[in-house]
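Student: any chance you could fold what I've pasted below:
(chains A and B)
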Amino acid sequence: MTPAPKPLLLGPISPAADGALYQQIVDRITREISEGRLLPGAALPSFRQLAEALLVSLITVKRAYEELEREGIIFRRQGLGTFVAEHGHARSREAKLAAAKELLRAGFREAAETGLKPAALAALAQEILQEQKNEHQRH
Amino acid sequence: MNTNAIEIRGLIKKYSAFTLGPLNLTVPRGAIYGLIGPNGAGKTTIIDLIFGLGKNDAGRITVLGLDHRADEVALKQRAAYVSPDLNFQVWGRVGKAIHFVRDFFPDWDDAYCAELMQAFHLNASDKIATLSFGAKTKLSLLLALARRPEILILDEPTTGLDAISKQQVFSELLKAVEDGERTVLISSHGLSDIERFADHIGLLKSGNLLLEGRTDEIVDRFRLAEFFLADGTTLKHPLPAGLTLLRGNENRWLALLDQTSAAPLWLETQGAKNLTLTRLTLEDLFVALAKEKAAA
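Tutor: The predicted model follows:
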C-alpha cells in the first residue's frame, strides 16, 4: 500500500510581496519539489482546492499550473488531475539555480554600485561563504 | 451561446447631485467579478438598475441574454442578490427562514442547503436575533446560493467577516463557479480581499468605470515608475497616455506607468535615467488611477 499523500503545505502568498500572485505560487511549488517534499508522480491539489487554501482566484492557480507545466515540472492528465513530472525534481533544481544566479547578479550589481572593484567583490563573496559555513557548523 | 453573464452598454442614470455613466461593463460567464469603488461611486445604483429598481435614463442592461426590464421575471428567477441589510429577525429561527424562502424558488436544492448549513456552522434551531454579524451574512448567502442561481450578486459580502468566515464564504463561492456556468458579482469598497478572490475587476469612481479586465492582467500592466531627469529639465507636456506623474522633487519623479502604452519609450526619449519599476497592489493602483482621473 502506498502511504497517503501528505497535504501540500505552501507558505502564505500576498499581493504585497514581490512578484505576481501566480509567480509566488510557482516559486512555492518549485521549492516543495526541489526540496523533495513533493515527489515525482505525486498529485497536486485541484485548481479549486489550491485557490481555496491560498485564498486566490481560480485564474491565478490556473496560470501558475500552466507555467509549471511549460517548465516541465508538472504535467496534467485530462480528468485525472495534475502531477509532479518524473524530471520535475531536476527541472525545479534548474529553475532554482537560475533564480539563485539572478539574485547573485543583482547582489553583485548592488555591491558594484558602491564602488567595489571585482577583486574586492570576490573577497566579499568568499567572506559570505565562510560565514555560512561557520553558521552551518554551529548548528 | 452568449459568453457574458452581464452586459451593460451606454448606461446613464441621472440624479440631482450624481450621474452614473455613460457606463459599459462586461461580466464574463463563470467569473468572480469584483466591482470596486469608494462609497458613492455608483455600485449600488448599478445593482439596483440591474434588478429593475429605478429606471435608467439611457443604455441597456442584458443579463444572461435577457433584457433587464422586458424579461424582469425570468431574470429574477435566475439571478440572486444578497444585500448588506440583514433583516431576518422576523422569522425567528434559521430553519423557519429557510422554509419560508425555499417555497419561492423552484430550483431550490435541499441537499446543497444542508451542505451549506454544515459549512457555515448554522443550525435550523439557531435564533436569528442572537446570531453574530458574520453568521447572519452567511445565512443570507446560504439563502441565495441554495436557489442555485446562475448569477449571484453580493453587496459588500466580506465586510465585517473574520478571517475564518471569509475563507468559508470564499470557498463556497469557488464551488459555486467551479463548473464555469455560474457567475458571481461582488461589489465592494475594500480592495485587498477582492484582489485575491476576483478573477475580473471593474474599478468604479464617481459614476465612471476607470478600468475593467482580468485582475492579473491589470496588475501586470501597471508599474510604479521612479526615474531621474537631468538637472534643470522637465518632461515635455502634454504627457502621453499611460503616464501619470504622482509626485516629484527637483529631478526625481514617481509616476504611474502603463507598460502596454508608448509611455515607457517616450520617457527614454525625454532623457529619463535610472528607471526602476515596482509592482503595485490593486489598492495603490486604484489610488493612482483615481488621481489621474481627477487631474484630467
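Student: domain assignment for chain B?
Tutor: Split into domains by automatic domain parsing, chain B comes to B:4-89+B:149-206, B:218-295.
Student: then chain A?
Tutor: Taken from automatic domain parsing, chain A resolves into A:21-89, A:90-138.
Student: where among the ones you listed is the average confidence lowest?
Tutor: Sorting the domains of chain A by mean pLDDT places domain A:90-138 lowest, at a mean of 85.
Student: JSON lines please, covering the domains of chain B and showing distance to residue A:45.
Tutor: For every residue, glycine as well, the C-beta is placed using N, CA and C. Shown next, in JSON lines, are the domains of chain B (distance: least, C-beta to C-beta, whole Å):
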{"stretch": "domain B:4-89+B:149-206", "distance to residue A:45": "12"}
{"stretch": "domain B:218-295", "distance to residue A:45": "23"}
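Student: quick one: the helices in chain B?
Tutor: Taking DSSP state H as the criterion, chain B carries its helices at B:43-50, B:72-78, B:94-102, B:110-119, B:133-145, B:163-177, B:192-197, B:215-221, B:263-269, B:282-295.
Student: give the buried residues for the second one.
Tutor: Put plainly, it is helix B:72-78. Within helix B:72-78, the residues scored as buried using 16 or more other C-beta atoms under 10 Å in any protein chain shown are B:75, B:76, B:77, B:78.
Student: for residue B:216, see how far away the residue lying closest to residue B:58 once chain neighbours are set aside is.
Tutor: Nearest non-adjacent residue to residue B:58, counting by C-beta to C-beta, 6 or more residues apart in numbering or on different chains: residue B:12, 4.1 Å away. As judged by C-beta to C-beta, to the nearest Å, residue B:12 and residue B:216 stand 31 Å apart.
Student: looking at these two, which is more packed in?
Tutor: With neighbours defined as other C-beta atoms under 10 Å in any protein chain shown, residue B:12 and residue B:216 compare such that residue B:216 has more, 20 against 14.
Student: what parts of chain B come near chain A?
Tutor: Within chain B, the residues that sit near chain A (C-beta under 8 Å from any C-beta of the partner chain) are B:32, B:166-167, B:170-171, B:174-175, B:177-178, B:192, B:195-199, B:214-216, B:219-220, B:279, B:281-282.
Student: nearest residue to the residue of the stretch 1-150 of chain B at minimum distance from chain A other than its sequence neighbours?
Tutor: Closest residue of the stretch 1-150 of chain B to chain A, C-beta to the nearest C-beta: residue B:32 (6.3 Å). Closest residue to residue B:32 apart from its sequence neighbours, by C-beta to C-beta, 6+ apart: residue B:184 at 4.7 Å.
Student: burial count for that neighbour?
Tutor: 25.
Student: now residue A:37
Tutor: Counted with other C-beta under 10 Å, residue A:37 comes out at 12.
Student: what strand or helix carries it?
Tutor: Secondary structure from DSSP states H and E places residue A:37 outside every helix and strand.
Student: now it. Its backbone dihedrals?
Tutor: phi -80, psi -20 (degrees, to the nearest 10).
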